[in-house]
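Participant: Got a predicted model here, sequence first, then my questions.
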Amino acid sequence: MKLSILKTVLFESLNRFCTLIIVLLVSRNFSVSTYGYFSLFITITSIGQTVIDFGSQNFGVKELIKLKDISDIKGMVKTVSTFRFIGFIVWVLFSIVYSFFIEDSFNFASLLILWGLIYLYYCDWILKGIGKISSQALINLTTNGIALLVLYLFIWKKLELNNSYIISIAKIAPLLAAALISGFFLRWITKSNLVLVAVKRTWPKSQFHETMLFTTGSFCARAYNSIGLILVGFLTDKTSLGMISYAFTFYNIFSMGRAILITSVYPYFCKLDRKKALKLSLYLNLSATLGFLLFLIVYLNYSDEIIHIIVPKTTPISDIIRFNFNVGVALIGVVCMSFFTITFLQAFEGGGIFNRLTVYGLIIVLVLNLISYFMSYLRYSSILSLLVAESLIALYSYIYIFKKNTADEGVG
């Protein structure tokens, strides 16, 4: 298990590094408005992952870990795949409606739906559930690495690329390749078809209820991280969106690293008892906080150089950019202090509390952004509202965990 985690962390780290380089290539070699368009697609599809997953990355993985017999695995895959199909229908409707507010709406909607169709048959959750998470990470690393190389060659050759081509090369093509390779690999190791399964007409209500809790919570978590950019996407121009997106890219660099560790450790968390998992999460939170303090020292001394890693040197560091970057640093600090708290709650408290926390976060972010919009401060509120939400969620989650832990010890 420990070797598998190390391999997964290594592959996922390199994979996220490739993804980061792709984003930096777009931010540094294309116009601010083009980068805004690209970052909007990435932001919306990050929510689409949660909608189409429909609990498969949480409930599905956790249930598959418990199963050994291939017939039982097939039954669970068929049920969860049906939930994913429901999520895909919701995604198609959302893509059509949202795209009405976007420039070049037909192309944007088409790209969103095409991406969603590919992701529907992306079987990474099955591979994670049967213990092949490191193999999936290696597949993702390979496809994203090729996409990075192709994009770099196009830029090096100074070829003209419009928004649709950039999205196709950087996001859709590698996902399609990963879905195909994963599907063939899954069929080879299981000797059965677990990807193209028929949709079920009925399913256990308890399972659907649990996936709804995970889906709602994950959706709200994605949404409150992204709602600021989504609002800016159709309330202001793409240049403003691009300027704000620079700071979100900076924060997402940290989020990528966090996601690597959470994805890698989550199956391990599920196998621990509650007390051991709580100690591990607190230890990791402390380690992350100490790491942030070291980074903060560097940032305070070299902020301009760090900002220009993402922002082209030809683009001045405006007040909007600097403010959002500084708030992004504070946001990273808050998240580090509660780095694995939500992971612990997902593993041991089910979807209910996770759902509640993320709903609170979404409401806070949405309200603050709308207030800022009517006060003409939307450009400054996107990350600031996240800082407020994450601070309150972190505080509430700690209170909940230790209050429940104290109550359990009292009962015992």
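Facilitator: Looks like it arrived, so ask away. The shown structure was predicted, so the numbers you read here are calculated from the model rather than taken from an experiment.
Participant: Would you mind pulling up the elements that the host helix or strand of residue 398 packs against?
Facilitator: According to DSSP states H and E, residue 398 maps onto helix 378-411. Packing partners of helix 378-411 (3 or more CB pairs under 8 Å, 6 or more residues apart in numbering; DSSP states H and E): helix 205-235, helix 238-271, helix 319-337, helix 341-348, helix 350-374. The C-beta positions use only the backbone N, C-alpha and C, and glycine is treated the same way.
Participant: how about TSV for these, with mean neighbour count, mean pLDDT and distance to residue 288 added?
Facilitator: What follows is those, written out as TSV (neighbours: other CB atoms under 10 Å; pLDDT from 0 to 100; distance: least, CB to CB, whole Å):
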stretch	mean neighbour count	mean pLDDT	distance to residue 288
helix 205-235	20	72	18
helix 238-271	20	73	8
helix 319-337	20	88	4
helix 341-348	22	73	11
helix 350-374	19	78	19
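Participant: Any chance of a markdown table for those, columns distance to residue 34?
Facilitator: A markdown table is the format used below for those (distance: least, CB to CB, whole Å):
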| stretch | distance to residue 34 |
| --- | --- |
| helix 205-235 | 14 |
| helix 238-271 | 8 |
| helix 319-337 | 17 |
| helix 341-348 | 34 |
| helix 350-374 | 24 |
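Participant: Quick one, which of those helices gets closest to residue 95.
Facilitator: Closest approach to residue 95 among the helices and strands packed on helix 378-411 (CB to CB): helix 205-235, 12.7 Å.
Participant: show me what contacts residue 262?
Facilitator: Residue 262 sits next to 340, 343 when contact means CB atoms under 8 Å, 6 or more residues apart in numbering.
Participant: any idea how far it is from residue 195?
Facilitator: 25 Å (CB to CB, to the nearest Å).
Participant: ok, now residue 42?
Facilitator: 25 Å.
Participant: so who does residue 396 touch?
Facilitator: Counting by CB under 8 Å, 6+ apart, residue 396 touches 357, 360.
Participant: 7 Å - rerun?
Facilitator: By CB atoms under 7 Å, 6 or more residues apart in numbering, residue 396 lies in contact with residue 357.
Participant: quick one: it from residue 385, how far?
Facilitator: In terms of CB to CB, residue 396 sits 17 Å off from residue 385.
Participant: What separation is there between residue 120 and residue 369?
Facilitator: 30 Å.
Participant: right, I mislabeled it, should have said residue 18
Facilitator: With CB to CB as the criterion, residue 18 and residue 369 are 31 Å apart.
Participant: hmm, back to that, can you give the distance of the helix holding residue 398 from its chain's centre?
Facilitator: 19 Å (CA atoms, centre = their mean, to the nearest Å).
Participant: could you list every residue that touches the nearest residue to residue 330 once chain neighbours are set aside?
Facilitator: Spatially, and ignoring its direct neighbours in sequence, residue 330 is nearest to residue 387 (5.7 Å; CB to CB, 6 or more residues apart in numbering). Neighbour list for residue 387: 327, 330, 331, 334 [criterion: CB under 7 Å, 6+ apart].
Participant: Could you single out the nearest of those residues to residue 109?
Facilitator: Nearest member of those to residue 109, counting by CB to CB, is residue 331, at 31.3 Å.
Participant: Would you mind giving me the confidence score for the closest residue to that closest one other than its chain neighbours?
Facilitator: Nearest residue to residue 331 in three dimensions, chain neighbours excluded: residue 387, at 4.7 Å (CB to CB, 6+ apart). At residue 387, the model reports a pLDDT of 89.
Participant: now residue 387: how far from residue 329?
Facilitator: 10 Å.
Participant: Then residue 160?
Facilitator: Counting by CB to CB - residue 160 and residue 329 are separated by 36 Å.
Participant: surely residue 337 meets residue 284?
Facilitator: No: when contacts are counted by CB atoms under 7 Å, residue 337 is not listed as touching residue 284 (11.1 Å).
Participant: Please name the spatially closest residue to the spatially most central residue of the chain (chain neighbours excluded).
Facilitator: Centroid-nearest residue in the chain: residue 46, 5.4 Å away (criterion: CA atoms, centre = their mean). What sits nearest to residue 46 in space, not counting adjacent residues and going by CB to CB, 6+ apart, is residue 222, at 5.7 Å.
Participant: what separates the one you found from residue 80, distance-wise?
Facilitator: Taken as CB to CB, the span from residue 222 to residue 80 is 19 Å.
Participant: One more: residue 43?
Facilitator: For residue 43, the distance to residue 80 equals 26 Å [CB to CB].
Participant: between these two, which one's more packed in?
Facilitator: A direct count of neighbours by other CB atoms under 10 Å for residue 43 and residue 80 places residue 80 higher, at 28 against 23.
Participant: before we move on, what SS does the more buried one have?
Facilitator: Under DSSP: H, G, I helix; E, B strand; the rest coil, residue 80 falls in the helix class.
Participant: and the residue nearest to it when sequence neighbours are not counted, how many residues sit next to it?
Facilitator: Spatially, and ignoring its direct neighbours in sequence, residue 80 is nearest to residue 60 (4.1 Å; CB to CB, 6+ apart). Using other CB under 10 Å, residue 60 is surrounded by 26 other residues.
Participant: And residue 60, what's its pLDDT?
Facilitator: Predicted confidence (pLDDT) for residue 60: 74.
Participant: so who does it touch?
Facilitator: Applying CB under 7 Å, 6+ apart, the residues contacting residue 60 are 80, 125, 129.
Participant: Residue 400 too?
Facilitator: Taking CB under 7 Å, 6+ apart as the contact definition, residue 400 lies against residue 353.
Participant: Tell me the spacing between it and residue 353.
Facilitator: Counting by CB to CB, the gap from residue 400 to residue 353 is 6 Å.
Participant: next one: residue 152
Facilitator: Residue 152 is 44 Å from residue 353, by CB to CB.
Participant: What of residue 401?
Facilitator: Taken as CB to CB, the span from residue 401 to residue 353 is 9 Å.
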